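Asks: What follows is a predicted structure for the sequence shown.
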Amino acid sequence: MHLPADSVDRVFCKNVLEYVPDALTTLKQHHEVLVSGGMIQVLDRVGTLRGVLTNMASYIDTLNSMDKTVVDALMAELDEAMSVGNYLVVLPQFIVTARK
């Protein structure tokens, strides 16, 4: 969705940045559409580890940014590690509120 610059007074971005190819560009686009004094709120949280990584793998496939056999092998390693409980992941949740 393309919006004109300085056209909205609030942007709410929930669980988006972990899935876009370039989070900084996405945030710059959000900033551009805000009117002066407009507010942006970003809330990013994670669901299940497997769900997040499955989504990321699908974006890698769509963008063709890594060989599919490598992605498949990494996902198989994840499944094996999860089946025996031998993994550590930290995926923090954060909230950011800012005004233009």
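Replies: In hand now; what should we look at?

Asks: For the protein, which strand extends over the most residues?
Replies: When the chain is parsed with DSSP state E, its longest strand is strand 34-44.

Asks: where's that strand relative to the chain centroid, distance-wise?
Replies: 17 Å (C-alpha atoms, centre = their mean, to the nearest Å).

Asks: Could you do stretch 21-36 as well?
Replies: For stretch 21-36, the distance to the chain centre is 14 Å (C-alpha atoms, centre = their mean).

Asks: SS state for the most centrally placed residue in the chain?
Replies: The centroid of the chain falls nearest to Glu18 when counting by C-alpha atoms, centre = their mean (1.5 Å). What DSSP: H, G, I helix; E, B strand; the rest coil gives for Glu18 is coil.

Asks: Quick check: closest non-adjacent residue to it.
Replies: Leaving aside its sequence neighbours, Glu18 sits nearest to Asp44 (C-beta to C-beta, 6 or more residues apart in numbering; 6.0 Å). All C-beta spots, glycine's among them, are computed from the backbone N, C-alpha and C.
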